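1. Curious how this folds, go ahead:
(2 chains)
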Amino acid sequence: DVKVTQSSRYLVKRTGEKVFLECVQDMDHENMFWYRQDPGLGLRLIYFSYDVKMKEKGDIPEGYSVSREKKERFSLILESASTNQTSMYLCASSPAGETGELFFGEGSRLTVL
Amino acid sequence: DQQVKQNSPSLSVQEGRISILNCDYTNSMFDYFLWYKKYPAEGPTFLISISSIKDKNEDGRFTVFLNKSAKHLSLHIVPSQPGDSAVYFCAAFVFGAGSYQLTFGKGTKLSVIP
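-> Below you'll find the predicted structure:
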């Protein structure tokens, strides 16, 4: 089974702190994604990566950056956390292909005080 | 502008009855349509998909219907079970050279009442 592991299930940070969310997948997938989920807004794409060191902005990249130094690992970075970044963050991966099926991690619930 | 719309935020159904979740889209270039299921405090899991060249796909209790002329798809769950209570996201996918677009709807919360 594909496993996508997110490093922290729950985090509480203060405004202005730098936050790292880590994601690792074990199925050698080319594509990796970071989404955030908010009530009434569904899933919104922050960034995705289709190869090592490659990244593309999604729908809401402002305030975020990403890093993909190894194929299995995709990190989301909040340079200076703000209260409006309190959310559920979901990492996903998929093989290169044409079906759109993603494998999601369990999510990281971030609260910024 | 929302390309994928789920107009019903919530739906309640009696156990054993049919659940019908609806989704509309605007981009006729989508190649695949997918449904994901999400329980609280868990990541979404893939449920079922349909290619744009088909009009029906069935997997056990789950059937997805695609009406391209109406740009509408629906997920039917028969019979509904309490364990089906979750948020269901419709998604649409288009694949092209150098691009990857998977767009989600806002979700419909299904409650199956025992």
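2. Tally up the residues packed near whichever residue of chain A sits closest to chain B, please.
-> When scored by CB to the nearest CB, chain A has A:Gly100 as its residue closest to chain B, at 2.9 Å. In this view, the C-beta of every residue, glycine as well, is placed from N, C-alpha and C. Using other CB atoms under 10 Å in any protein chain shown, A:Gly100 has 22 neighbouring residues.
3. Need phi/psi at it.
-> Backbone torsions of A:Gly100, given as degrees, to the nearest 10, read phi 80, psi 10.
4. Quick one: name the residues of chain A near chain B.
-> Within reach of chain B by CB under 8 Å from any CB of the partner chain, chain A has these residues: A:4, A:31, A:40-45, A:48, A:50, A:56, A:90, A:92, A:97-107, A:109.
5. 7 Å instead, please
-> Residues of chain A lying close to chain B (CB under 7 Å from any CB of the partner chain) are A:31, A:40-43, A:48, A:50, A:90, A:98-102, A:104-107.
6. Who does A:Lys13 form a beta bridge with?
-> A:Val112 (DSSP bridges).
7. same check, this time on the one 10 residues further on
-> Beta-bridge pairing of A:Cys23 under DSSP bridges involves A:Gln6, A:Phe74.
8. Flag the shaky bits of chain B, pLDDT-wise.
-> Across chain B, the ranges flagged by pLDDT under 70 are B:1, B:96-100.
9. Contact partners for the residue in it positioned nearest to chain A?
-> Nearest residue of chain B to chain A, counting by CB to the nearest CB: B:Phe93, 2.9 Å away. Taking CB atoms under 7 Å, 6 or more residues apart in numbering or on different chains, we find B:Phe93 in contact with A:Thr99, A:Gly100, B:Phe30, B:Asp31, B:Tyr32, B:Leu34, B:Gln101, B:Leu102.
10. how does it look with 10 Å?
-> Applying CB atoms under 10 Å, 6 or more residues apart in numbering or on different chains, we find B:Phe93 in contact with A:98-102, B:30-34, B:49, B:52, B:100-103.
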